[in-house]
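Engineer: Provide a 3D model corresponding to the input given below.
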Amino acid sequence: MSNDEFRAAMSRLAAGVVLVTAREPALDPDDPTAPAGEDVGMTATAFLSVSLDPPLVMVSLREGSRMDDLLAEQPLWGVSVLAESQRHIAGRFAMKGRISDRLLFEDIPYVRGTATGAPLVGGALSTLECRTEQTVAAGDHTLVIGRVLTASLPSADGGPLMYFRGRYRQLG
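Structural biologist: Okay, here's the model as predicted:
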């Protein structure tokens with residue numbers, strides 16, 4: 001089976017769209033007044049709940065991606081479950097490599113997570129703050145399993161943003 005055949009087969013599986021975010025650690029961890037690094041984010045569709053007790057989730061990251069490298073050193077991260085009206089956010093963060101991280105967050109409403117410091121998108125259907133519990137190498141990806149520290153259900157309207165056959169979609 002070719003990579004293209006596998007990709008085409010898996011594109012028939014509809015998936016919810018999330019934004020995974022983290023904040024780079026302080027430039028000097030020994031200096032409490034040192035500024036933190038940049039906010040980093042990436043669009044993901046390979047995200048799922050793993051366990052209720054304890055509350056665990058998993059995200060699949062391309063090996064060697066900026067988020068994969070960051071979560072190898074920074075165990076705190078956030079997840080925003082995107083609403084159908086947030087297609088532009090998913091598209092922007094899927095364009096990694098074409099736009100700087102500083103500009104990715106420009107004009108996007110977010111709050112800083114109280115448990116992780118990660119940016120959490122305003123208007124998301126739900127947000128989670130996580131701490132990495134385990135990582136598993138899996139082919140050309142890393143599976144990151146995180147313990148959910150906090151969950152929030154903002155008063156967002158509308159349905160979830162979906163990804164199916166290579167395009168963002170809405171339910172219904």
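Engineer: can you tell me which residues contact the residue positioned nearest the centre of the chain?
Structural biologist: Nearest to the mean C-alpha position of the chain, counting by CA atoms, centre = their mean, stands Val20 at 1.3 Å. Contact criterion CB atoms under 8 Å, 6 or more residues apart in numbering gives Gly41, Met42, Thr43, Ala44, Phe47, Val59, Leu61, Met67, Trp77, Gly78, Val79 as the residues in contact with Val20. Quick note: C-beta positions are derived from backbone N, CA and C, even for glycine.
Engineer: how about 10 Å then?
Structural biologist: Contacts of Val20 were listed using CB atoms under 10 Å, 6 or more residues apart in numbering, and they are 40-44, 47, 59, 61, 67, 70-71, 77-80, 93, 118, 128, 130, 144, 146.
Engineer: For it, give the beta-bridge partners.
Structural biologist: Per DSSP bridges, the residues bridged to Val20 are Met42, Val79.
Engineer: What residues of stretch 32-49 count as buried?
Structural biologist: Applying a neighbour-count criterion of 16 or more other CB atoms under 10 Å, the buried positions in stretch 32-49 are Asp39, Val40, Gly41, Met42, Thr43, Ala44, Thr45, Phe47.
Engineer: Could you do stretch 162-172 as well?
Structural biologist: Within stretch 162-172, the residues that qualify as buried by neighbour count (16+ other CB under 10 Å) are Met162, Tyr163, Tyr168.
Engineer: Equivalent analysis for stretch 70-84, please.
Structural biologist: 70-71, 74-84.
Engineer: which intervals of this protein have sub-threshold pLDDT?
Structural biologist: 28-29, 34, 96-103, 156 (pLDDT under 70).
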